[in-house]
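Colleague: need coordinates for the below:
(chains A and B)
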2 protein chains.
Amino acid sequence: MNYVKTAVCVKCGAEHEATPNLTTCRKCGGILDIRYDYDGIRSSLSKSSLKERDDFSMWRYKEFLPVDDAQLAGGVSPSGLRVGWSPLYKADRLAGQLGLSALYVKDDGINPTASLKDRASAMAVAKAKEAGAKIIACSSTGNAASSLAGNAAAAGFETVIFVPERAPKGKVAQLMVFGAHVISVKGTYEDTFRLSAEAIEEYGWYNRNAAINPYLMEGKKTVSFEIAEQLDFHMTDYVAVSVGDGCTISGVWKGFTDLYQAGLIDRLPRLISVQAEGCCPINRAIAEGKDWYPMEENTIADSIAVGVPRNPDKALNAIRESNGVTVNVSDEEILQAMRILGRTCGVFAEPAGAAGTAGVKKALEEGLIPSNASVVSIVTGSGLKDVANAMKAAGEPVSIEPSMEKLREVLTL
Amino acid sequence: MNYVKTAVCVKCGAEHEATPNLTTCRKCGGILDIRYDYDGIRSSLSKSSLKERDDFSMWRYKEFLPVDDAQLAGGVSPSGLRVGWSPLYKADRLAGQLGLSALYVKDDGINPTASLKDRASAMAVAKAKEAGAKIIACSSTGNAASSLAGNAAAAGFETVIFVPERAPKGKVAQLMVFGAHVISVKGTYEDTFRLSAEAIEEYGWYNRNAAINPYLMEGKKTVSFEIAEQLDFHMTDYVAVSVGDGCTISGVWKGFTDLYQAGLIDRLPRLISVQAEGCCPINRAIAEGKDWYPMEENTIADSIAVGVPRNPDKALNAIRESNGVTVNVSDEEILQAMRILGRTCGVFAEPAGAAGTAGVKKALEEGLIPSNASVVSIVTGSGLKDVANAMKAAGEPVSIEPSMEKLREVLTL
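Modeller: Below is the predicted model of the structure:
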């Protein structure tokens, strides 16, 4: 049973049938939002029926997902990889250090290709199957690309991935290991994106470009279902997440509103939208109470260095609807958060993954959230994705000759 | 309830009380093995009682572990991190490519610090707690070190980790992010190991050096419990794993023999011991029917580049007892296995992690195992740990100007 009713344009309100290969609004080009029959979901799903399920992956919440039961039969996920059900750690020592009542860290770096984007890419694979596609394409140099390449490979799809020439070799290597057809484009990211769009149009490949395909967010929102269930449906006051394109924070909000509409949680958290000081067009729009406009991309946190966000509408709606808090963090604050997360939680985050936690710290220091608040901070990707910045965060070890005398001199324990 | 009976020296048979800070045999220096009351376990644990447990981590199998219930109360693991319950993928397309009846891939790169070693380090943390230690130490440059640093940080322990000066900066960065006290030793790995041993002796730190601390293997063996349960206790004919120090294959075997002795599986798999051609002292000893002797360390698979294995006795016993198969693979075969795993399974393995699968392929080609066999291949660590070798495995992408004409020329789909 699939509870999808329709797809509605966020800009003009036009309704579209929720076909598997849906992209943007045919009338105005706006982003679509998938709508569900919440009464139907409410009548078939309860906290206790959830508890009895033995699928510990994002597909656990199938009533809220735009995928037919047939694809979820036999306990095998549509993509073949086990995505989701990442751990939610109660971070008491970190909370103590920050002077916060309660803090939880959701480590989404523990996903098959080491980022939250696996949730979106696994969904893309599921919908590509329904659409009868054989090839899935996107343009990206980051987690969207590697998660698509991995999930598609596991499911037997071919992928075509467009990257700008400047893409780091390590990231390209990951794509190549997954067998993607990687097209390195001699040009800017905009050139790359445009070529991918043209090619997808001409060849009819399944489109996994963020903020074009409305189903991706439906995958991302599963992170919120898990957070709620792992909290036994007692929501925290706030949920912090880093923001680039705006798709992830929109997905996070969609997950909570889904649960609220189906009666599974009785209050909604406020979002803490964290951007980099050097690249914060969405938070700036909120602060100025105006529309967004482009900004430089000046931050080490490459996964959220998005000066022209592709999903600003949904992101701005989400922050405003949740009565959210916005906070911008410096690169130094991000590096510090990487150290703090590592040292108090054993969680190794990439810069964009640690930005949420940097934002919680700063929001607290600036009095934007009270110290008696409870907060979930989502870590969106693993630090192994970006060892160069980990080195910046971590500092150098003590170097000595192999002798006990030298060791005694330098030990500071 | 804890079913540990005693600790027995593998070399001289001397019995020792299983105290938390146990190291090697006080009589002969041999490696100890933890022994259990299997009748007790059998009376309290069954397949169906296991099925009802909601702890999806290595601690799910508490009756087989040398840890008191008090440490496992409240569903929180002793180390604080969620270690284990990694996915077992049925790799049908890979099996088809290899011409094998049934192949499963156990992806242990999906662990908090991205390797199987998390199982050992989480156990070290649990035992350090029981021992009342505050500081845990080891010498390593690889997965043992990063997993110790991460698990100890999450549990609030200090760590002192000795690395040789030549340790890759990226790996050191990971340790530093986790807040380890990293001592970079100007000397060889042997110098480093000796200094760590002296310092552990002098300062009384808890010892997490592999093949010294007998509890580490008790953590590693949980990978086999999971494999068996994920196969619904119908064991495959073979289980393949890469071999360096010998601790992991010994742990894998211990897990299966534990289950067999407790009546949970009715047959034991044969081990496929995979080493690198350029460093295979253990497989050479099996092949020659003699004792092992040192060998050069000539392979890209750094995690198994161990010319002087520290746990040869248990490893040789395990391979012989299981009527095991040995196979040595070249670096080129390892790189090829990285590509095959990525392309058919969406699993990104480090070289040592892919070596097991390379071994399955070669064993099949050489007629060492029959094509109608069923096999589990354990991937011991994530490819994100070693991007440089991933680049070697993956090849270069096609590079073009941003135009559809150029794209049409190069597309080979």
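Colleague: quick one: low-confidence parts of the stretch 101-250 of chain A?
Modeller: Scanning the stretch 101-250 of chain A for pLDDT under 70 picks out no residues.
Colleague: let me see the ranges of the strands in it.
Modeller: Using DSSP state E, counting those that start in this stretch, the strands of the stretch 101-250 of chain A run over A:102-107, A:135-139, A:158-164, A:181-185, A:206-207, A:238-242.
Colleague: out of those strands, deepest packed?
Modeller: Each of the strands of the stretch 101-250 of chain A was assessed for mean neighbour count using mean count of other Cβ atoms under 10 Å in any protein chain shown. The highest is strand A:238-242, with a mean of 30. All C-beta atoms are positioned from the backbone trio N, CA, C, and that covers glycine.
Colleague: note down every partner strand of that strand and its orientation.
Modeller: strand A:270-276 (parallel), strand A:374-379 (parallel) (DSSP bridges).
Colleague: make a markdown table out of these and add mean neighbour count and mean pLDDT.
Modeller: Formatted as a markdown table, the strands paired with strand A:238-242 follow (neighbours: other Cβ atoms under 10 Å in any protein chain shown; pLDDT from 0 to 100):
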| stretch | mean neighbour count | mean pLDDT |
| --- | --- | --- |
| strand A:270-276 | 28 | 98 |
| strand A:374-379 | 28 | 98 |
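Colleague: show me which residues of the stretch 251-400 of chain A sit near chain B.
Modeller: A:338-339, A:342-348, A:382-385, A:387, A:390-391, A:393-400 (Cβ under 8 Å from any Cβ of the partner chain).
Colleague: domain parsing for chain A?
Modeller: With automatic domain parsing serving as the domain definition, the record reports that chain A contains domains spanning A:88-114+A:216-394, A:134-204.
Colleague: quick one on the thing from earlier: quick one: which of the strands of the stretch 101-250 of chain A is nearest B:V163?
Modeller: Set against B:V163 and scored by Cβ to Cβ, the strands of the stretch 101-250 of chain A come closest in strand A:102-107, at 25.5 Å.
Colleague: which other helices and strands does that closest one contact?
Modeller: In terms of contacts (3 or more Cβ pairs under 8 Å, 6 or more residues apart in numbering or on different chains; DSSP states H and E), strand A:102-107 is packed against strand A:88-90, helix A:92-98, helix A:222-230, strand A:374-379.
Colleague: from those, which stretch is densest packed?
Modeller: Mean neighbour counts were compared across the helices and strands packed on strand A:102-107 using mean count of other Cβ under 10 Å; the top stretch is strand A:374-379, at a mean of 28.
Colleague: and the angle for the helix or strand that that strand is followed by with helix B:387-394?
Modeller: Next along the chain after strand A:374-379, taking DSSP states H and E as the criterion, comes helix A:387-394. For helix A:387-394 and helix B:387-394, the angle between their directions (axes from the mean of the first three to the mean of the last three Cα atoms, to 10 degrees) works out to 180 degrees.
Colleague: now do the buried residues in helix A:387-394.
Modeller: Going by neighbour count (16 or more other Cβ atoms under 10 Å in any protein chain shown), the buried part of helix A:387-394 is A:V387, A:N389, A:A390, A:M391, A:K392, A:A393, A:A394.
Colleague: now stretch A:61-76
Modeller: So for stretch A:61-76, counting by 16+ other Cβ under 10 Å, buried means A:Y61, A:K62, A:E63, A:F64, A:L65, A:P66, A:V67, A:D68, A:Q71, A:L72.
Colleague: now the second one. Nearest residue, chain neighbours left out?
Modeller: This points to A:K62. Setting aside the residues directly before and after it, A:K62 is nearest to A:L72 in space (Cβ to Cβ, 6 or more residues apart in numbering or on different chains), at 5.5 Å.
Colleague: tell me how many other residues crowd A:T19.
Modeller: One way to gauge burial is a neighbour count; for A:T19, by other Cβ atoms under 10 Å in any protein chain shown, it gives 11.
Colleague: name the SS class of it, please.
Modeller: At A:T19, secondary structure determined by DSSP: H, G, I helix; E, B strand; the rest coil is coil.
Colleague: same check on A:I34?
Modeller: strand.
Colleague: report the beta-bridge partners for it.
Modeller: When assigned by DSSP bridges, A:I34 has beta-bridge partners A:A7.
Colleague: and it, how far is that from A:S79?
Modeller: Note on A:I34: its distance to A:S79, by Cβ to Cβ, to the nearest Å, is 19 Å.
Colleague: same deal with A:G170?
Modeller: According to Cβ to Cβ, A:G170 stands 23 Å off from A:S79.
Colleague: more neighbours: these two, which one.
Modeller: The residue with the greater number of neighbours, taking A:G170 and A:S79 and applying other Cβ under 10 Å, is A:S79; the counts read 32 against 16.
Colleague: and that one, what does it touch?
Modeller: A:S121, A:A122, A:V125, A:A126, A:N151, A:A152, A:A154, A:A155, B:G346 (Cβ atoms under 8 Å, 6 or more residues apart in numbering or on different chains).
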